[in-house]
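>>> show me how the following folds:
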Amino acid sequence: MACIACLPMNREKYDIALCFTAPLDGENRMQKIAQSLQTMGLKVLLVGRAPRLAAFRCTVPTVTIRCRAKRGALFYAEYNLRLLFLLLRLRVRLAIVAVDPDTLPAAIFGAMWKRCKLVYDAHESFVDVPELQGHPIKRWIWATIERLGVRYASCPLTVNNSIAALLEKRYGRPFTVLYNYPRVERKPELRPPHHPLRLYYQGALNAGRGLELLLHAMTRLNSAELHIIGDGYLRATLEQLAEELQLQLCVHFHGHLSGARLYDTMAHMDIAFNLLDARSRNYYYSSANKFYDAVSVGTPIITMNFPEYRNCMRAFEVGILLDAMTVEAVTEAIQRMRNPEVYRHYRRNCIEAARYWHWDSQLDTIKNWIQCIQNGGR
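From the prediction side, this is the model:
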């Protein structure tokens, strides 16, 4: 793994550089895209922040960008300056891919300088994230950057049909949809739930994800454990709340896990959660990675009655849809799902759905997308 300062002036040529602000081990979508492109004979470079886990390994070449600023406007400004400096030194033949608006400024100028394609991959409706609600100036700035990027991008990409329709309406450009299904490397077994029941949340510990609600729901359950996998700015608050509710023995904070360790942990759980605040349009149109990850290991999920999850449930009933994110609704869903026959029904559907919701099903989309770029398509 290289850092910016380590790049020699006589550099290897790359066909595509994939750029994002997330840690290298936190962007499994870009890792999968890069590995798929590599198997097609393309030379790919991943550019992101330092991985959170020292044990992180990747079969694709990577470059780490390290910033002194850690958050806010200063972080994004510094990151884009460092990314632009890197892109100007790289030899990129085909395309620079920007993930979300927070890498677009550097990617736009880098692609212009290198006379290669700019490609935009929207992982979410960025301007609708909860952090921008109530901040009209910040939202306008990001919307302007995204509008500029979409205007000049070739073959823009996104993660689901709902966001594709939203972005096409907003910017007047069609987006290719590449679902971020997991790689399926194991076949889950049909088994009953554990005793005590093992519940889990996996993802960022941020606002709008029903985490405090889950802790309050735990006070109404008998013989159940809650495992929280991930990190975020709410972790200290959640740990304090668990202590106040006297849940120290049944709520476990695992921190960030990735790779085989994450999937091994999820495979031993009984019920997954994907609770999201409907007031955020970004959440409302989302198709969270954790949803498909849970299904891939055979774990039924309690999720929101939002468009993408509703469509999934029409194909395979892999869990329970909630119309409201309340303690009562969550508790009722857990009690219903812990019934052995009901649980068996949902788990069987997860095993069946995992045969279809996997990364290999997206390879034709990747091939068509890269051909669009190579042929100079818009």
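
>>> domain map for this protein?
What the record gives for the chain is the domain set 2-181+359-374, 197-353, from automatic domain parsing.

>>> from the chain's centroid, how far away is the first one?
Here the centre of domain 2-181+359-374 is set off from its chain's centre by 13 Å, with Cα atoms, centre = their mean, to the nearest Å.

>>> with just CA atoms, put stretch 115-126 into CSV.
Coordinates of each C-alpha in stretch 115-126 appear next as CSV, following Å, rounded to 0.1, in the frame of the first residue of the first chain:
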residue,chain,number,x,y,z
ARG,A,115,-7.6,14.2,-20.9
CYS,A,116,-9.3,11.1,-19.7
LYS,A,117,-12.9,10.3,-18.9
LEU,A,118,-14.6,11.6,-15.7
VAL,A,119,-17.0,9.0,-14.3
TYR,A,120,-19.3,9.6,-11.4
ASP,A,121,-20.5,6.9,-9.0
ALA,A,122,-23.3,8.1,-6.7
HIS,A,123,-23.6,5.8,-3.7
GLU,A,124,-26.5,7.8,-2.2
SER,A,125,-28.5,10.9,-2.7
PHE,A,126,-25.7,12.9,-1.1
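
>>> buried residues in it?
116-126 (16 or more other Cβ atoms under 10 Å). (Glycine included, C-beta is placed from N, CA and C.)

>>> cool, stretch 188-198 as well?
188, 193, 197-198.

>>> could you list the low-pLDDT ranges of the stretch 1-150 of the chain?
Per-residue confidence of the stretch 1-150 of the chain (counting by pLDDT under 70) places the weak regions at 1-11.

>>> please enumerate the strands of it.
With DSSP state E, counting those that start in this stretch, the ranges of strands along the stretch 1-150 of the chain come out as 2-3, 13-23, 44-49, 62-64, 91-99, 117-122.

>>> look up how far residue 81 lies from the spatially closest residue to residue 53 that is not a sequence neighbour.
Take residue 53 and drop its neighbours on the chain: the residue closest to it by Cβ to Cβ, 6 or more residues apart in numbering is residue 25, 5.5 Å away. Separation of residue 25 from residue 81 (Cβ to Cβ, to the nearest Å): 24 Å.

>>> between the two, which one's more packed in?
The neighbour count for residue 25 versus residue 81, taken as other Cβ atoms under 10 Å, is higher for residue 25 (22 against 14).

>>> so that one touches residue 258, yeah?
Yes. Checked against Cβ atoms under 8 Å, the pair residue 25 and residue 258 is within contact range at 5.1 Å.
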